[in-house]
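*Asks:* Got a predicted model here, sequence first, then my questions.
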Amino acid sequence: MTTPGELLQFINCRLVRDHRLVQDDLWVRNGKIINPEPVFFDEQSKAHRRIDCGGAIIAPGYIDVQINGGYGVDFSYDKDTTEAGVTKVARGLVKCGVTSFCPTLVTSPSDSYHTILPRIPKTIEGGAGVLGVHVEGPFINPQKKGAHPENCIQTIDNGMATVRETYGSLDGIKIITLAPEKVKDASVIRDLVNSGITVSLGHSMGTLSDGEHAVKHGATLITHLFNAMLPFHHRDPGLVGLLASDAIPQGKTVYFGIISDGVHTHPAALRIAYRTHPEGLILVTDAISALGLEDGVHHIGQLPLEVKQGKAFIANTETLCGSIAPMDECVRIFQRSTDCSKVYAIEAASLHPAKCLGIEEQKGTLDFDSDADFILLDDNLQLLSTWISGVRVHSSN
């Protein structure tokens, strides 16, 4: 624990700053990363506590913008225990280096949204912070439903009125995944973006033209690239083509989530995405309730699932329905698969999602005045400890 005004100095460490590793100390006070120079002029230059990091890497905490649950909790299904469930997952995620996340609800009945959304806590003591909810559906294409229950899929027939009727209040929603070809009036996308919501494209049969039209109206994210969308085709590359489209408005970045759990996305596909559009790549887990659990039958949303041999399927099928790999493992798998720099792999799970959500001045960085949410890693990107607001919430020792 820290006391108000206490000055912490992390020494013998390398910081992820300016897209490289920098040999420097990290200074923290009142939950923020600070510039030490003014402190030296105004006060004693000695920190209240000096923490020897033993040569470790200090990196921004990971941010997971798509996670359905974990540790036996399903955000879409356990609506009677939402607060306790989100808290349990938040406290588990810090063991994976995640300091902020977007609890994700799969396609569900409207009354589930109305019940669950108001109950999701924003701050959890000793756990990862909630940035807002990612509602993945129900405005998706049933032909690419994946593990989403088809009977709950809807279309936006009456613009924002349909959206509000479906979810109830939009307060607390940070990301909405929808199929662009199912949105009759693309002004809905602009209205959502103007409300502070990130619009993501996914679970879609959309063409490249559908995707470009949605991006021009404000969409900025693609949900789990390659999964639940048309496969790449040389005559119409579909949503995948947004990574190389020449119709994206100047100065705008299209981001894309990608699951590097060793199951959902082939290493060659990871390399293609990385080499084609590195600035937009965001690592997501798409983790389900079975994250952290043993093989057996569990559930995701309205559907039963089965975990077997390190993979999660809709029960009694061979349809994948989410990952069970923690974020720190996804970062390591991605780094090995693409041979990218360690700093890039870290930033794909921290800085990139922060930029996508427009919070890069507070999260995903070690810049001065940002939140002191960070992790210590060894040279193999194994997690050593996790810190939130300058307080250690997990240690691997």
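*Replies:* Noted; the coordinates are in hand. Residues are numbered from 1 along each chain as shown.
*Asks:* Beyond the helix or strand bottoming out on mean pLDDT in the chain, next helix or strand please.
*Replies:* The weakest-scoring helix or strand in the chain, judged by mean pLDDT, DSSP states H and E, is helix 36-42 (a mean of 64). Proceeding C-terminally, helix 36-42 gives way to strand 49-60 as the next helix or strand, assigned by DSSP states H and E.
*Asks:* Next SSE downstream of that following strand?
*Replies:* Next along from strand 49-60, by DSSP H and E: strand 62-67.
*Asks:* Show me what that following strand packs onto, helices and strands only.
*Replies:* helix 82-93, strand 98-106, strand 133-136, strand 173-178, strand 281-284, helix 327-338, helix 351-357 (3 or more C-beta pairs under 8 Å, 6 or more residues apart in numbering; DSSP states H and E). (Each C-beta comes from the backbone N, C-alpha and C, glycine too.)
*Asks:* Now the helix or strand just after the second one: buried residues?
*Replies:* Of the helices and strands lying after strand 98-106 in sequence (DSSP H and E), the nearest is helix 110-116. Of the residues in helix 110-116, those buried by neighbour count under the rule 16 or more other C-beta atoms under 10 Å are 112, 113, 116.
*Asks:* Can you report the mean pLDDT over the residues of stretch 304-311?
*Replies:* Per-region confidence: stretch 304-311 scores 82 on mean pLDDT.
*Asks:* I meant stretch 340-358, not that one.
*Replies:* 98.
*Asks:* Also stretch 54-62?
*Replies:* Here the average pLDDT along stretch 54-62 is 98.
*Asks:* Equivalent analysis for stretch 81-95, please.
*Replies:* 95.
*Asks:* about what we covered before: columns mean neighbour count and distance to residue 153 on top of the helices and strands packed on strand 62-67, output as JSON lines?
*Replies:* Below are the helices and strands packed on strand 62-67 laid out as JSON lines (neighbours: other C-beta atoms under 10 Å; distance: least, C-beta to C-beta, whole Å):
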{"stretch": "helix 82-93", "mean neighbour count": "21", "distance to residue 153": "23"}
{"stretch": "strand 98-106", "mean neighbour count": "28", "distance to residue 153": "11"}
{"stretch": "strand 133-136", "mean neighbour count": "28", "distance to residue 153": "12"}
{"stretch": "strand 173-178", "mean neighbour count": "25", "distance to residue 153": "11"}
{"stretch": "strand 281-284", "mean neighbour count": "28", "distance to residue 153": "22"}
{"stretch": "helix 327-338", "mean neighbour count": "22", "distance to residue 153": "28"}
{"stretch": "helix 351-357", "mean neighbour count": "24", "distance to residue 153": "25"}
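*Asks:* out of the buried residues of helix 110-116, who's nearest residue 53?
*Replies:* residue 116 (39.6 Å; C-beta to C-beta).
*Asks:* Spatially nearest residue to the closest one, not counting backbone neighbours?
*Replies:* Once flanking residues are discounted, residue 116 sits nearest to residue 79: 4.8 Å by C-beta to C-beta, 6 or more residues apart in numbering.
*Asks:* tally of neighbours for that neighbour?
*Replies:* By the measure other C-beta atoms under 10 Å, the count of residues near residue 79 is 19.
*Asks:* Also residue 342?
*Replies:* 18.
*Asks:* quick one, phi/psi of the closest residue to residue 60 other than its chain neighbours?
*Replies:* The shortest distance from residue 60 to any residue other than its chain neighbours is 4.0 Å, reached at residue 350 (C-beta to C-beta, 6+ apart). Dihedral angles of residue 350 (phi, psi; degrees, to the nearest 10) stand at phi -140, psi -70.
*Asks:* And residue 350, how far from residue 359?
*Replies:* 11 Å (C-beta to C-beta, to the nearest Å).
*Asks:* Looking at the two, which is more packed in?
*Replies:* residue 350 (32 against 19).
*Asks:* Touching, residue 356 and residue 221? I think so.
*Replies:* Yes: between residue 356 and residue 221 there is a contact at 5.8 Å, judged by C-beta atoms under 8 Å.
*Asks:* Quick check: neighbours shared by those two?
*Replies:* Shared contacts of residue 356 and residue 221 (C-beta atoms under 8 Å, 6 or more residues apart in numbering): 198, 255, 282.
*Asks:* Burial check on residue 119, number of neighbours?
*Replies:* 15.
*Asks:* which residue sits closest to residue 54, ignoring its sequence neighbours?
*Replies:* Residue 54 sits nearest to residue 12 (C-beta to C-beta, 6+ apart), 6.1 Å away.
*Asks:* what do you get for residue 205?
*Replies:* residue 141 is the one closest to residue 205 (C-beta to C-beta, 6+ apart), at 4.8 Å.
*Asks:* In this structure that neighbour contacts residue 178, no?
*Replies:* No: judged on C-beta under 8 Å, residue 141 makes no contact with residue 178 at a distance of 9.4 Å.
*Asks:* does residue 258 belong to a helix or a strand, and which?
*Replies:* Assigned by DSSP H and E, residue 258 belongs to strand 255-259.
*Asks:* Quickly list what the residue lying closest to residue 139 once chain neighbours are set aside is bridged to.
*Replies:* Spatial nearest neighbour of residue 139, excluding adjacent residues (C-beta to C-beta, 6+ apart): residue 178 at 4.2 Å. Residue 178 forms beta bridges with residue 201, as assigned by DSSP bridges.
*Asks:* got the contact list for residue 178?
*Replies:* Contacts of residue 178 (C-beta under 8 Å, 6+ apart): 137, 139, 140, 156, 189, 199, 200, 201, 202.
*Asks:* Against residue 362, how distant is it?
*Replies:* Separation of residue 178 from residue 362 (C-beta to C-beta): 27 Å.
*Asks:* can you check residue 8 too?
*Replies:* Using C-beta to C-beta, residue 8 is found at 19 Å from residue 362.
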